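Visitor: Fold the following and give me the result.
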Amino acid sequence: MATSFLLEEERAHWERGWFRESSAGVTSKLLHVLRRLHCPNEAAASMERLLDEEYKGELLQSLNELRKSNSLCDTTIKTEGKDFPVHRCVLTAASPYFRAMFTSEFRENDSGFVELKNITGAIMNEIIQFMYTGKAETDSSSAQELIMAADFLMLPSLKLKASKFLEGTISVTNCLALESFARQFNCDLLKQASVSYKMENFPSVVKTDDFKSLDFERVQDLISRDEIVVSKEEEVYEAVIIWVKHEVASRECLLPELLKCVRASSMSKYSLKRIIDREDLVIKDPACMKILIQWLRAFLFQDYVLLQGPRLCLKFKETVVVLTGGHRSGISTSTTLGFVLATKKWLQLPMMPCPRTRHAAAVCGGQLYVVGGFSEIPLCCFNPVQNEWFSTEKNLPFHPHSALVALNEELYLIGGDSDNKRQVRKYKCNLDQWEFLSPMAFSRAAHCAVVLEELIYVMGGHDDNVCLRSVECYNPANDQWTQILDMNNARKFSAAAAITNGKIIVVGGYSDMGFTRIEETCEIFDKSLNQWSLVSSPTVPRAACGIVSVKSAVYLFGGEDTNNSVYKLDSVECYIVQEDKWIHVSTMPENEGTVMRNMSSMTSVLNKRNPREEKVLTSYLELIEDSVKTIFLWIIKRGSSQLLKPVFSLGWLAWEVVYKDIVEDEKSEVITTNVWVRQYWNDPRFSWNKAEYENITQIIINPEKAWLPDVVLLNSAEAMSDGRSTAARLVVKHDGNVSWLNPVIITSSCVIDITFFPLDDQSCELRFGSWSYSSEFLDVHPRRDSADLSSYVENGEWTLLGVKSERRLLTYDCREEEFPYVTYHVQIRRRTLFYMMNYILPCVLIAVLTLLVFLLPPESGERMSFGVTVLLSFTILLLMLMAKLPATSKDTPLIAVYYAYTFIEVSAAMGMACLMLRFYHPDNSSAPIPAWIRVCVLNYCARLVRLSTSAGRVRQVQIVQEWRQVKLRENRGKEQTNMTILTDNILRKEEADTMREEWRMAAMIINRLFAWIYLITIIITLAAVLLKSPRFRKGEF
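Guide: Next up, the predicted model:
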């Protein structure tokens, strides 16, 4: 294609006379073109791509100058107070908004101007400047307007730039407003930054007017987050009170919902005491008091766990630096130490599987991987959660003096003392696989490497000849190495770490190949400036040390120097980045008179349980009075036996059921009920004199600490627990009366009477009693004559009519005592709409559709096939019904009777249709109808169904008359004989047609008679079935 284009171009130049050459020159030119046509590869090889990086900027600048001088402008943008001449093509290319406007039939396409009333002139000027040059200016007062206009004009890049500018202006006073603005205009990065800022500065943000003006949903979302940073949970509670008191009248009712978001497990008992004593908003609201009681229970019962645990900032954390291996008197060690940064204490951790030095280490997937070095095992791993080391049996060629980093759950092993010091390998931890990557540009060993912003930086080291100061950067996305600015000083066995604000710090090392000179300097690389800068040096020069960066501090551990008298370094130094200062923080522990060196490091977070959770108070009432503790312990001691009944004389037990939900399975003949069982009894062991204990009248205890009645569901279809495992508590009063509200789901057997299904009512019984205690020892009686239905939730299939209760006595043949039990009679009624629409109505429609068997024309030939289809449909419906009903022969359901009669009627209709077709298509249609059929069908039945049969007789009279007329003309001419023959043929044909019509007339009479009989039968059947149901007769559907 390129060659053809050149040929056409040169041909055009030739025809226009642009070439003024001699004939020899012209011939040479033509031969050159022909060679390019026949040798396209040669032409293509001579072409090169020309790229001018400055051209785009110059083009945009030229377009902007044309706009400013109003040259070639073809439209005008009118805003409030100013007009802007612009080029349509530039606006169309920059904004989808203008592209749609100028490429469609809008009035702006022809008017020559665009009016934007909602954008000010100053903002429009910056937007036009950005569309032409990619540059715009803004400040904190106009950035939001710029984002609104960019969002309206569909300029996402400008919107993103302005959002990033606003991120730098976030403060305590505007973070909530910026979050609302970001949500409105879909600025995700700005929203995330605002949310992060408000959570990190929660105590200050809640004091602002913006927080007090927030709606309920946003306040609830904020205080529910795990990520908010507070020094104590009480600050969250105080924020809730501040927000509610700002508009008490309208917000007081929302206080219970907000209190549910407060993490009471992180609050102290004294804070709860202050709430009880001082906060009227909580005390006077019953819903708030219930929440407060739940908080108090959490202090009393260890097994009573609140749904919400401590926030992330309040979880007890320790940052531990793990150091491995090193030298001891010239011998490798397998020692592993842990340094707790918060307490500056040392921990002795499990030893490595084998001694190791000159190795590399990195943390990946929460585990510490140690690779290479002088060791028998090439790779081992430390799990800080299990506090164990694991090693691999693979024989991998790992070498000392390599560098190891972790990125995206993968390990990268770089260089080292081997035949190929440039090699780079990647280890996929989840697959346990190694693979080779692109090699480095330089051979390196004893170098250092760090990860910064998804890139790997490798610095220094040696190549067997000299120490290096070169730096390379590896991009895992494209597997390419890039050389960047060299360090100020060459060094090997140095230590490096990534610190805050996109910077890298490199410390110490050797500056020569003979291990005789320590590089004392420390330098930092700033990626944004692409610059290395020297900073303060450690107080003790060192090489081959361990390093770790935690937040804004850098820690150095151990190492070595060139002075044999101080060959072992035991100091730990910390570099404060903001102050550019090194300080001594600790001394490494001695191990048999020696100090380890060449430490590798990791940072792990050990989550420990909050001390508040470790301590479970014996009684939450201790918050009010210390004397209650004495009551509780005394009661628990006296009532600790769960096997002994309170007394062996006559006792009583009041029983009450609160219904929540009911589900019946008539197929299995069981009923499942969700109820709250209320039990009341008296236990003298649980009584105390309230006057001696600050007038305390009741306490709440765990049911596992007390005797419980063994009252169970006697007719249960499955095992029923006594309720000890539930979270329900016992309420014990000072007079010994005990009440217990226990939520249970019970499944009982129930005999299902399906006689009038689906217009049926069912009656089931729930019998509660004791298998062990007779009426002499435990008198069980209902507390009221019916169950409490105030909390009942309506069921979609059943209507609960009522639940009556009564007390009965049961006698067993094997025992003489009488055992009392409480019976609840559950009366339920089936809701019929579902069954009417899915079972009754389809059956009625199938019966009605069967009438088409009588209405279809006999000539169509579709009567029988249609009837068979209807019969099959009815069979499928019958199978669906049978799958719903229980398999019983005791009673026949009313709906089954209706289906049976309907099935018989539909089958009979098929037989009637066959009989009618037999009359319509007889074996000999020219034979006369028998006399009895003529009399019964054509005479009586025809009058019954109102059909006339006179047409055949009229036709016969006409034939006879025509015959007589022919007879009168017998003597007229020579054609007498032929006329007689013709007349005989006509008479025979007419007679045959008359017989056929009579058969068909008889068939039509029978068809109509059968149709009426079928219709009356199905109506009578449906009415009889419905009237047999008591609910239908009473009009109760």
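
Visitor: C-alpha from now on. contacts and neighbour counts both.
Guide: Will do.

Visitor: Distance check, Ala900 against Phe834.
Guide: Counting by C-alpha to C-alpha, to the nearest Å, the separation of Ala900 from Phe834 is 21 Å.

Visitor: Please read the previous query as pertaining to Gln144.
Guide: Gln144 is 58 Å from Phe834, by C-alpha to C-alpha.

Visitor: Please apply the same query to Leu852.
Guide: Distance from Leu852 to Phe834, by C-alpha to C-alpha: 28 Å.

Visitor: Show me where the stretch 901-1037 of the chain has its helices.
Guide: With DSSP state H, counting those that start in this stretch as the criterion, the stretch 901-1037 of the chain has helices at 931-935, 942-945, 951-968, 976-1028, 1030-1034.

Visitor: Check the stretch 1-150 of the chain too.
Guide: Under DSSP H, counting those that start in this stretch, the stretch 1-150 of the chain gives helices at 2-15, 23-38, 40-46, 55-68, 88-94, 96-102, 108-111, 121-133, 143-152.

Visitor: which of these has the lowest average pLDDT?
Guide: Of all these, the minimum mean pLDDT falls on helix 2-15 (a mean of 39).

Visitor: those strands in the stretch 701-850 of the chain, which residues are they?
Guide: 711-713, 730-733, 735-749, 761-770, 778-782, 798-811, 818-830 (DSSP state E, counting those that start in this stretch).

Visitor: For the last one, give me every contacting residue.
Guide: Outside strand 818-830, the residues within contact range by C-alpha atoms under 8 Å, 6 or more residues apart in numbering are 655, 758-771, 773-775, 779-782, 786-787, 797-812.

Visitor: May I ask which helix or strand of the protein has the lowest mean pLDDT?
Guide: helix 611-614 (a mean of 30; mean pLDDT, DSSP states H and E).

Visitor: Figure out which of the strands of the stretch 701-850 of the chain is closest to Leu176.
Guide: Between Leu176 and the strands of the stretch 701-850 of the chain, the tightest spacing by C-alpha to C-alpha is seen for strand 735-749, at 43.8 Å.

Visitor: elements contacting the closest one?
Guide: Contact here means 3 or more C-alpha pairs under 8 Å, 6 or more residues apart in numbering; DSSP states H and E; on that basis strand 735-749 packs against strand 670-687, strand 730-733.

Visitor: and the protein, what are its domains?
Guide: 56-138, 320-606, 625-830, 835-967+977-1031 (the TED database).

Visitor: Quick one: distance of the last one to the chain centre.
Guide: Going by C-alpha atoms, centre = their mean, to the nearest Å, the spacing between the C-alpha centre of domain 835-967+977-1031 and its chain's C-alpha centre is 62 Å.

Visitor: What's the end-to-end length of it?
Guide: Domain 835-967+977-1031 end-to-end distance (C-alpha to C-alpha) = 15 Å.

Visitor: going forward can the numbers begin at 42, since that is how I track them
Guide: All set: I'll call the first residue 42, so the last point we hit is now domain 876-1008+1018-1072.

Visitor: Quick check: mean pLDDT of that domain?
Guide: pLDDT averaged over domain 876-1008+1018-1072 gives 74.

Visitor: ok, the residue nearest to Leu194 when sequence neighbours are not counted to Gln170 distance?
Guide: Setting aside the residues directly before and after it, Leu194 is nearest to Tyr138 in space (C-alpha to C-alpha, 6 or more residues apart in numbering), at 5.4 Å. From Tyr138 over to Gln170 the distance is 17 Å, taken as C-alpha to C-alpha.

Visitor: before we move on, what about Arg259?
Guide: Taken as C-alpha to C-alpha, the span from Arg259 to Gln170 is 38 Å.

Visitor: the more surrounded of these two?
Guide: Gln170 (16 against 11; other C-alpha atoms under 10 Å).

Visitor: Please give me every residue in contact with that one.
Guide: Contacts of Gln170 by C-alpha under 8 Å, 6+ apart are 105, 176-177.

Visitor: Hmm, Leu409 is touching Ala403, no?
Guide: Yes - if you go by C-alpha atoms under 8 Å, Leu409 and Ala403 touch, sitting 5.8 Å apart.

Visitor: ok, back up a step: columns mean pLDDT and distance to Met951 on top of the strands of the stretch 742-891 of the chain, output as JSON lines?
Guide: Shown next, in JSON lines, are these (pLDDT from 0 to 100; distance: least, C-alpha to C-alpha, whole Å):
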{"stretch": "strand 752-754", "mean pLDDT": "82", "distance to Met951": "55"}
{"stretch": "strand 771-774", "mean pLDDT": "84", "distance to Met951": "71"}
{"stretch": "strand 776-790", "mean pLDDT": "82", "distance to Met951": "45"}
{"stretch": "strand 802-811", "mean pLDDT": "85", "distance to Met951": "37"}
{"stretch": "strand 819-823", "mean pLDDT": "81", "distance to Met951": "61"}
{"stretch": "strand 839-852", "mean pLDDT": "85", "distance to Met951": "39"}
{"stretch": "strand 859-871", "mean pLDDT": "86", "distance to Met951": "36"}
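
Visitor: give me the number of residues near Ile1022?
Guide: Neighbours around Ile1022, by other C-alpha under 10 Å: 10.

Visitor: Spit out the contact partners of Lys273.
Guide: Here Lys273 is in contact with 307-308, 355 (criterion: C-alpha under 8 Å, 6+ apart).
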